[in-house]
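Build me a model from this:
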Amino acid sequence: MARRFRFGVNLLEPARGEAWQHTCRRVEELGYDVLQVPDHLDWPAPFPSLVAAAHATRRPVLGTFVLNAAFWNPVLLAREIATTVRLTGGRLELGLGAGYVRAEFERAGLPYGTARDRVDHLERTVEALTGLFPGPGGAGGEDGRDGTGAPLPPLPPLLLGGNGPRMLRLAARHAAVVAFTGAEADPAGDDGELRLLSAAAVEERVAAARGFAAEYGTDPDFNVLVQRVVVTGDRAAAVRELAPHAPHLDEEELLDLPTLLVGTVTEIAEQLRRGRERFGFGYVTVLEPAMEAFAPVIAELRRGEPGEGHGAP
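Numbering: from 1, shown residues only. Purely as a prediction, here's the structure:
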């Protein structure tokens, strides 16, 4: 039986004080289940942003999407996590990734290394956190304490994002949510520029993640990061406008992508239902520029879902 849909929005625009509170309240009003913030050097720090979001809202889960593990010492990160869990009333979802923008590593004075190096560091971070925190997500004992000397709360649900086999294996083993960007580093692009994967390539990665989950006896949610939402009555014309952004894919392939949502509200809702059946993507994240346009799709899908309310499936 398919899991009930969950919807997140990744907030990208820096905001201050009342403007940030207004944005967070709007996320809640529109029916999103998860309010998420990224972890890039030129954007606001994630944990204070989520604490402020908790004071402005009551219902949404609050997530990092995703922390660059290389920016964080695991012991100091544990202190940030524990404090944020307490100040948000336990609403934190902890998203972690390996990092991919070389310039940010260089500005922070951190070694960029190879993809293997960065995944190694992420794996050490996950193992350290699960060792420090008590259950359910962590394995640490009851005597685990944060930097203030207070006992650590249970480890929040983990969301791990990535595409490669090692990342998918790590996520299947430890995470409550496996997050798929549906993209990879563009070999012809600038630092940090991504290239969309075809639907067939995404399907292969989903199959790999399912295989790893079966191996470990886990049952994580699958999340997809939607890159663009275009609400229109002319899908063909809209996808032609998007084609220059993905020259390696033809128009039919673009319409098949789980990371591009194009069409009327009803058509997009049906595209997501098909994506849930094909890929298992019941947890859908859109970017802040699409927050308002996507809201009617949430309402459309809620009408067809069993049960009431929002949140975890």
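
what residues are up against V9?
V27, Y32, V34, L35, Q36, T285, V286, L287, E288, A290, M291, F294 (C-beta atoms under 8 Å, 6 or more residues apart in numbering). Glycine gets a C-beta too; all of them are placed from N, C-alpha and C.

What distance do you get for the fifth one to V297?
In other words, Q36. Between Q36 and V297 the computed distance is 17 Å (C-beta to C-beta, to the nearest Å).

what do you get for the third one?
Using C-beta to C-beta, we find V34 at a distance of 15 Å from V297.

Go through the contacts of V9 and flag which are in strands.
Within the contacts of V9, residues falling in strands by DSSP state E are V34, L35, Q36, T285, V286, L287.

Can you add pLDDT and neighbour count and give the residues you listed back as JSON lines?
Putting the ones in strands among the contacts of V9 into JSON lines (pLDDT from 0 to 100; neighbours: other C-beta atoms under 10 Å) gives the following:
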{"residue": "V34", "pLDDT": "98", "neighbour count": "27"}
{"residue": "L35", "pLDDT": "98", "neighbour count": "27"}
{"residue": "Q36", "pLDDT": "98", "neighbour count": "30"}
{"residue": "T285", "pLDDT": "98", "neighbour count": "24"}
{"residue": "V286", "pLDDT": "98", "neighbour count": "25"}
{"residue": "L287", "pLDDT": "98", "neighbour count": "18"}
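
between those residues, which is nearest F65?
Q36 (3.6 Å; C-beta to C-beta).

Quick check, that closest one in contact with R6.
No. In this structure, Q36 is not within contact of R6 by C-beta atoms under 8 Å, at 11.5 Å.

what about the nearest residue to L12 once chain neighbours are set aside, how many residues close to it?
Excluding the flanking residues, the one nearest L12 by C-beta to C-beta, 6 or more residues apart in numbering is E288, at 4.6 Å. The number of residues packed near E288 is 16, by other C-beta atoms under 10 Å.

quick one: E288 from T23, how far?
Distance of E288 to T23, given as C-beta to C-beta: 8 Å.

same check, this time on G17
To T23, G17 is 11 Å away according to C-beta to C-beta.

Same check on A237?
Taking C-beta to C-beta, one finds A237 at 31 Å from T23.

Which one of these two is surrounded by more residues?
Legend: neighbour count by other C-beta under 10 Å for A237 and T23, higher for T23 (18 against 11).

Check whether that one really touches A15, as I assumed.
Yes. Here T23 reaches A15: they are 5.6 Å apart, a contact under C-beta under 8 Å.

surely V178 meets V224?
No. V178 is beyond contact range of V224, at 10.1 Å (criterion: C-beta under 8 Å).

so L158 bridges to which residues?
L94 (DSSP bridges).

quick one, what contacts it?
So L158 contacts L94, G95, L96, V126, G137, H174, A175, A176, V177 (C-beta under 8 Å, 6+ apart).

measure it to P244 for me?
Counting by C-beta to C-beta, the gap from L158 to P244 is 37 Å.

Equivalent analysis for D234, please.
D234 is 17 Å from P244, by C-beta to C-beta.

Residue ranges in this structure under the pLDDT threshold?
Residue ranges of the chain with pLDDT under 70: 1, 135-149, 188-192, 306-313.

Could I get the full set of strands for it?
Applying DSSP E to the chain gives strands spanning 6-10, 34-37, 61-64, 67-68, 92-97, 158-161, 177-180, 183-185, 194-196, 221-226, 228-231, 260-263, 281-287.

Any idea which of these gets closest to A208?
The nearest among those, by C-beta to C-beta, is strand 177-180 at 10.1 Å.

Figure out how far stretch 66-78 is from the centre of its chain.
Relative to its chain's centre, stretch 66-78 lies at 16 Å (C-alpha atoms, centre = their mean, to the nearest Å).
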